[in-house]
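Engineer: take this sequence and fold it.
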Amino acid sequence: MRVLYGVQATGNGHISRARAMGKYLQAEGIAVDFLFSGRPAEQLFDMQQFGDFQVKTGLTFVTEQGQINYLKTAARAKPLELWRDVCQLDCSAYDLVLTDFEPITAWAARRQKKRSVAFGHQYAFLHQVPQIHDTLLSRSIFKWFAPAQQQIGLHWHHFNQPILPPIVDLEPGINTADANKVLVYLPFEDQRQVIQCLQPLQQYQFYLYGPGLSKNQLGHIQCSGPCVDEFKRDLHQSGAVLSNAGFELVSEALQLQKRILVKALQGQMEQESNALALTQLQLGQSTEHLTTAVIADWLAGSNSFQRVAYANVAQALAKWIRAGACPTELQQLDLWKDQSL
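Structural biologist: Numbering: from 1, shown residues only. Take a look at the predicted model:
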């Protein structure tokens, strides 16, 4: 069986999901060709797992200081190049096209009437899940940005909807957490401002990852640029996670039972809805403004929150795909049975 797998590379969450899926698809004997879009090739890192992958421009949002800049987003969009890539992508050699909110593979499969399956957090918003600033535009984006014949939404709770738990890229191991160690990943914020917020809190050890940072020790703040292995190690060892409200890192933190504080990317409906769901489910805390006082209150506050234990969704989906990706069989997997929420 040969599969074309499109990955939205704007954020690292989609790529992290692809790492998990790729391992289990390979274990099932499925040949996978990857296509990434939404980020320049030179900004991708630790991509050896994906072999000889393709990179396309696709579509992405421009962010500045924690907010989406819609004018720059529109100015940098290349719709003609996007459509050319859709028309030139040949899906004839594949038995199935998978897309994680990646538009080129999704629309190429649609044009060529190739069987396609989409999975990702964005598809959960096609159902009745917690949403904020829900508009006709947002609903249209979730429906038509990267459509597929079968669309599988992922979320932290089922909300009595036909969706699945998160796909997390975590290796089995001992979760040895240090309560005073805090992983910080706020890629959409000004990193200098983040450091200023953390500097007074010298009783904690902060491990800050972000774009433009080089490996550097600033007293109790360890700065690092984007990487995979060290980030995963620090995630396992930290007692708490401070991040934007992207889905994948929060999912991994939940699975590892970390304390969580998120600041949603302003103007990004998905992240703002994630912050809402996280607090409604009592899985973590959220803030609209990042200050030293907010971080200090969170770290000093109660450690009580709901705990979850998600099933191995990546493995289940890989086996389901190898068996033919039958929609009725997917409904019978019952992947929520192990969740403690």
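Engineer: ok, which stretches of the stretch 101-250 of the chain are helices?
Structural biologist: Using DSSP state H, counting those that start in this stretch, the helices assigned to the stretch 101-250 of the chain run over residues 103-111, 136-144, 191-198, 229-237, 247-255.
Engineer: number of nearby residues for the residue lying closest to residue 119 once chain neighbours are set aside?
Structural biologist: The shortest distance from residue 119 to any non-neighbouring residue, by Cβ to Cβ, 6 or more residues apart in numbering, is to residue 152 (4.0 Å). No exception for glycine: its C-beta is placed from N, CA and C like everyone else's. Applying other Cβ atoms under 10 Å, we find 20 residues neighbouring residue 152.
Engineer: which of the helices of the stretch 101-250 of the chain comes out lowest on mean pLDDT?
Structural biologist: Mean pLDDT is lowest for helix 136-144 among these, at a mean of 88.
Engineer: low-scoring stretches of the stretch 201-341 of the chain, by residue?
Structural biologist: 338-341 (pLDDT under 70).
Engineer: who's in contact with residue 160?
Structural biologist: Residue 160 sits next to residue 128 when contact means Cβ atoms under 8 Å, 6 or more residues apart in numbering.
Engineer: also residue 197?
Structural biologist: Contacts were defined as Cβ under 8 Å, 6+ apart; by that measure residue 197 touches 290-292, 295.
Engineer: just residue 41 next, same as before
Structural biologist: residue 55.
Engineer: tell me how far it lies from residue 53.
Structural biologist: Distance, residue 41 to residue 53, using Cβ to Cβ, to the nearest Å: 9 Å.
Engineer: picking up where we left off before, what's the distance between the residue nearest to residue 119 and residue 202?
Structural biologist: For residue 152, the distance to residue 202 equals 45 Å [Cβ to Cβ].
Engineer: farthest-separated two in the contacts of residue 197?
Structural biologist: Farthest pair in these (Cβ to Cβ) is 290 and 292. Separation: 8.8 Å.
Engineer: quick one on the thing from earlier: tell me the contacts of the residue nearest to residue 119?
Structural biologist: Taking Cβ under 8 Å, 6+ apart as the test, what residue 152 contacts is 117-120, 123, 163-164, 317, 330.
Engineer: let's go with 7 Å and repeat that
Structural biologist: Each residue near residue 152 by Cβ atoms under 7 Å, 6 or more residues apart in numbering is listed here: 117-119, 123, 164.
Engineer: buried residues in stretch 80-91?
Structural biologist: Neighbour-count burial for stretch 80-91, counted by 16 or more other Cβ atoms under 10 Å, picks out 82, 85-86, 89, 91.
Engineer: now, those residues that are in helices?
Structural biologist: Residues of the buried residues of stretch 80-91 located in helices (DSSP state H): 82, 85-86.
Engineer: save these as CSV, and put in pLDDT and distance to residue 306 too.
Structural biologist: Formatted as CSV, those follow (pLDDT from 0 to 100; distance: Cβ to Cβ, whole Å):
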residue, pLDDT, distance to residue 306
82, 92, 41
85, 95, 43
86, 97, 42
